[in-house]
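**Student:** Sequence first, then the predicted structure, then my questions.
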Amino acid sequence: MMQLLAENSILLLFAVAAAGYALGRVKIKGTSLGLAAVLFVGLIVGGLDPQLAIPEIIIWLGLSIFVYSIGLTSGPSFFDSFRNRGPKDILFIISMLTISASLAIGLHYFFEFEAAITSGIYAGGSTNTPALAGLLDVISQKLDPSWIKSESEKAVTGYSLTYPMGVIGALLAIGLGKRMFGITFRKEEEELAHIYPTRRKIYNRTVLVEWNNPERKALRDLIKDHEWPVVFGRMQREGQISLSNYDTILQKGDQIMVVGAEHVLKEVTARLGTTSNDKLSYDRSEYDYRRIFVSNPKVAGQKIAALNLNEKYSAIITRIRRGDIDLLANGSTVLELGDRIRFVARKKDIDRIAKLFGDSYEGLSRIDLFSFGLGMALGLILGMMTFELGDFSFKLGMAGGPLIIGLLLGALRRTGPIVWSLPFSANLTLRQIGLILMLAGIGVNSGFNFFSIISNGGGGWIFLAGALFSFATAFLTLLIGYKLLKIPFSILLGMVATQPAILDYAIEQTENKLPIVGFTIMLPVAVIFKIVFTQFLYNLLS
């Protein structure tokens, strides 16, 4: 069997991937390793025989696809967070990563580790696989092949032994911080509801207008004056059904459909009149609604306002389903491939509108290989460039380069006819495939040396150092962020959630989606700077 696997690396790759994926779905007290289990299965299999190996090109291919996909999907939220909250959170994350790097240096000299092991501990203790890949990328630039193999195995050993404590240490820090600071997550959620309506569900309501509108304000003015995050849809005036628009001026006796969150609908109703017993949504004699997919690349990446739907078709988009999230549509909302939109339009226009957006599920399964290949190529070229910081030089490598380009292109969404973003499902699939290729390859190629070090009694101190590193890093982040910078604790939990199991635990503790806000801000910044710091540590301590 071992000979068969040694002679068929592709068979070995998928056997490890299948077993690792199955193991990663097993939960112990609500916590699972997820796709990271592929790495540990790879280590076990690789430890059985030194002949077992997976070609390096597969590892680098998986890495570049993985980080580029993350960049594309995180780009919009990353730059939106920076614009909305300023550089405060990002500078805080960078500062905490600097402190964690300093802590790693202290552990290096205290335990007298080798540079590759310390750098691996930094990547593993922060559960950051791209940082490990960036470290291996730096090591691969050495001239001596035997040196490359030895250093790579030490780096993976440091990473592998500390990765579990990277998860456990963060969970312990979250539990301690919650008790020490007396956090009431429900209260914190209510205080942040106007900024982050994490429990918001979208409803519709027919409002009977009893307000005289003495100043004859149009809907655009009402929305602006009251900052109402709502969409006004169908309206009835003197028995005639029509679609409202921003220039509509309400009159007493009108009935109008309003779409939004429950608490906002109550505010709108109280301001305009009362809830009508007539449900305009039931009247489908002239206007109807439909849900369709955005699969047309010509539409993706454009703002809803740029489509002029109300003028061309007398149609209104009321809400958007993106992934598992419902979004309230407005003129500034940018459409993405894979969005499922709900719109209201005249019956005779519905088919033409569906054709405009594509509405092809099959089309969403296709990847634009031109834009994907071009973006990947740009990322790899950036990763090959050498940057000088005084006497220190570094490369972003196959992890940092594609990630940065992915962030930029993901934020742009499109450049002329080129659509950079991918359908949500396609992006998620590519990300998983890339991560599995990388983890399986790293695990198998390092497994034999990994168990050799453990069998010789060299793993205990590495394990202890990883425990100290991960707990101290997470707790200091919570302490400084909450006490000094007054960042909401629920959001901070997302900032220390460097691994999906930690994020799941944080969401379970808060019983809301606020940790995802912190996770979205943290992820691209942390990935980039952990790659840089890991490479810096290795070059500094070598």
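**Tutor:** Done, it's in. All values derive from a computational prediction rather than experimental measurement. Numbering: from 1, shown residues only.
**Student:** which residue sits farthest out from the middle of the protein?
**Tutor:** Among the C-alpha atoms of the chain, the one farthest from their average position, using CA atoms, centre = their mean, is that of Glu238, at 48.7 Å.
**Student:** Which secondary structure state does the closest residue to that residue other than its chain neighbours sit in?
**Tutor:** Distance criterion CB to CB, 6 or more residues apart in numbering; nearest residue to Glu238, sequence neighbours excluded, is Gly253 at 7.8 Å. C-betas here are computed from N, CA, C, even on glycine. Under DSSP: H, G, I helix; E, B strand; the rest coil, the three-state class of Gly253 is coil.
**Student:** shouldn't Gly253 be in contact with Gly239?
**Tutor:** No. In this structure Gly253 lies outside contact range of Gly239 using CB atoms under 8 Å: 10.6 Å.
**Student:** ok, back up a step: what about the residue nearest to Glu238, how many residues nearby?
**Tutor:** Look at Gly253: counted by other CB atoms under 10 Å, it has 12 neighbours.
**Student:** Need the per-residue pLDDT for it.
**Tutor:** According to the prediction, Gly253 has pLDDT 89.
**Student:** wait, what's in contact with it?
**Tutor:** Going by CB atoms under 8 Å, 6 or more residues apart in numbering, Gly253 touches Leu208, Val209, Arg237, Glu238.
**Student:** Show me these that map onto strands.
**Tutor:** Leu208, Val209, Arg237 (DSSP state E).
**Student:** what's the average pLDDT for the longest helix along the chain?
**Tutor:** Taking DSSP state H as the criterion, the chain has its longest helix at helix 145-181. In this model, helix 145-181 has a mean pLDDT of 83.
**Student:** Which positions within the helix or strand that comes right after it qualify as buried?
**Tutor:** Where DSSP states H and E defines the elements, the next helix or strand beyond helix 145-181 is helix 185-191. Going by neighbour count (16 or more other CB atoms under 10 Å), the buried part of helix 185-191 is Phe185, Glu188, Glu189.
**Student:** wait, doesn't Ala305 sit right on Ser332?
**Tutor:** Yes. Using CB under 8 Å, Ala305 is in contact with Ser332, at 6.7 Å.
**Student:** more neighbours, these two?
**Tutor:** Each of Ala305 and Ser332 has its neighbours counted (other CB under 10 Å); Ala305 has more, 13 against 9.
**Student:** ok, now how distant is that one from Ile418?
**Tutor:** 22 Å (CB to CB, to the nearest Å).
**Student:** Same check on Glu153?
**Tutor:** 42 Å.
**Student:** which of those two has more neighbours?
**Tutor:** Glu153 (21 against 16).
**Student:** Skipping adjacent residues, who's closest to that one in space?
**Tutor:** Using CB to CB, 6+ apart, the closest residue to Glu153 is Asn449 (3.7 Å).
**Student:** same check, this time on Gly406
**Tutor:** In space, Gly406 is closest to Gly71, 2.0 Å off (CB to CB, 6+ apart).
**Student:** looking at this, that neighbour is in a helix?
**Tutor:** Yes. Checked against three-state DSSP, Gly71 lies within a helix.
**Student:** May I see the buried residues of the longest helix of the chain?
**Tutor:** By 16+ other CB under 10 Å, the buried positions in helix 145-181 come out as 150-174, 177-178.
**Student:** just stretch 373-388 next, same as before
**Tutor:** Buried residues in stretch 373-388, counted by 16+ other CB under 10 Å: Gly375, Met376, Leu378, Gly379, Leu380, Leu382, Gly383.
**Student:** before we move on, what about stretch 35-50?
**Tutor:** Buried residues in stretch 35-50, defined by neighbour count with 16+ other CB under 10 Å: 35-47.
**Student:** from what I can see the residue nearest to Glu153 touches Gly158, true?
**Tutor:** No. Using CB under 8 Å as the test, Asn449 is too far from Gly158 to be in contact (11.5 Å).
**Student:** would Phe463 count as being in a strand?
**Tutor:** No. Counting by three-state DSSP, Phe463 is not part of a strand but helix.
**Student:** Enumerate every residue touching it.
**Tutor:** Phe463 neighbours (CB under 8 Å, 6+ apart): Leu161, Thr162, Met165.
**Student:** now, among those, which is nearest to Ala115?
**Tutor:** Thr162 (15.2 Å; CB to CB).
**Student:** Once you drop chain neighbours, what's closest to that closest one?
**Tutor:** Spatial nearest neighbour of Thr162, chain neighbours left out: Gly466 (2.6 Å); criterion: CB to CB, 6+ apart.
**Student:** Which positions in the helix or strand in which that neighbour is found come out as buried?
**Tutor:** Applying DSSP H and E as the criterion places Gly466 in helix 460-479. By 16+ other CB under 10 Å, the buried positions in helix 460-479 come out as 461-462, 465-479.
**Student:** picking that back up, mind checking which of the contacts of Gly253 are buried?
**Tutor:** By 16+ other CB under 10 Å, the contacts of Gly253 give Leu208, Val209, Arg237 as buried.
**Student:** hang on, the last one packs against Gln251?
**Tutor:** If I follow you right, that is Arg237. Yes. Using CB under 8 Å, Arg237 makes contact with Gln251 at a distance of 6.8 Å.
**Student:** Show me what secondary structure element comes after the least confident helix or strand in the chain by mean pLDDT.
**Tutor:** Every helix and strand of the chain was ranked by mean pLDDT, DSSP states H and E. The lowest is strand 392-395, at a mean of 63. For strand 392-395, the succeeding helix or strand toward the C-terminus, using DSSP H and E, is helix 397-412.
**Student:** how is the chain carved up into domains?
**Tutor:** Split into domains by automatic domain parsing, the chain comes to 54-191+384-437+450-541, 202-363.
**Student:** Contacts for stretch 4-17, please.
**Tutor:** With contact meaning CB under 8 Å, 6+ apart, stretch 4-17 is reached by 38, 41-42, 45, 49, 51-55, 58, 436-437, 440-441, 443-444.
**Student:** Send me it as CSV with only the CA atoms.
**Tutor:** The C-alpha trace of stretch 4-17 is given here as CSV (Å, rounded to 0.1, in the frame of the first residue of the first chain):
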residue,chain,number,x,y,z
LEU,A,4,1.3,2.4,-4.3
LEU,A,5,0.9,5.8,-2.6
ALA,A,6,4.5,6.6,-3.0
GLU,A,7,4.3,6.0,-6.8
ASN,A,8,1.0,7.8,-7.2
SER,A,9,1.2,11.3,-5.6
ILE,A,10,-2.3,12.3,-6.9
LEU,A,11,-3.9,9.3,-5.3
LEU,A,12,-2.0,10.1,-2.1
LEU,A,13,-3.2,13.8,-2.3
PHE,A,14,-6.9,12.9,-2.6
ALA,A,15,-6.8,10.1,0.0
VAL,A,16,-5.3,12.6,2.6
ALA,A,17,-7.8,15.3,1.5
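**Student:** buried set for that stretch?
**Tutor:** Going by 16+ other CB under 10 Å, stretch 4-17 has these buried residues: Leu5, Leu12, Leu13, Ala15, Val16, Ala17.
**Student:** how much space between the fifth one and Leu48?
**Tutor:** For Val16, the distance to Leu48 equals 11 Å [CB to CB].
**Student:** What of Ser100?
**Tutor:** Distance from Ser100 to Leu48, by CB to CB: 35 Å.
**Student:** What of Ile168?
**Tutor:** Counting by CB to CB, the gap from Ile168 to Leu48 is 27 Å.
**Student:** What of Ala170?
**Tutor:** 31 Å.
**Student:** Check Phe372 too.
**Tutor:** In terms of CB to CB, Phe372 sits 37 Å off from Leu48.
**Student:** What's the mean pLDDT across the host helix or strand of Phe110?
**Tutor:** Assigning secondary structure by DSSP H and E places Phe110 in helix 88-111. The average pLDDT within helix 88-111 is 91.
**Student:** Kindly report the same for stretch 25-39.
**Tutor:** 71.
**Student:** Just the buried residues of the contacts of stretch 4-17.
**Tutor:** Buried among the contacts of stretch 4-17 (16+ other CB under 10 Å): 38, 41-42, 45, 52-54, 58, 436-437, 440-441, 443-444.
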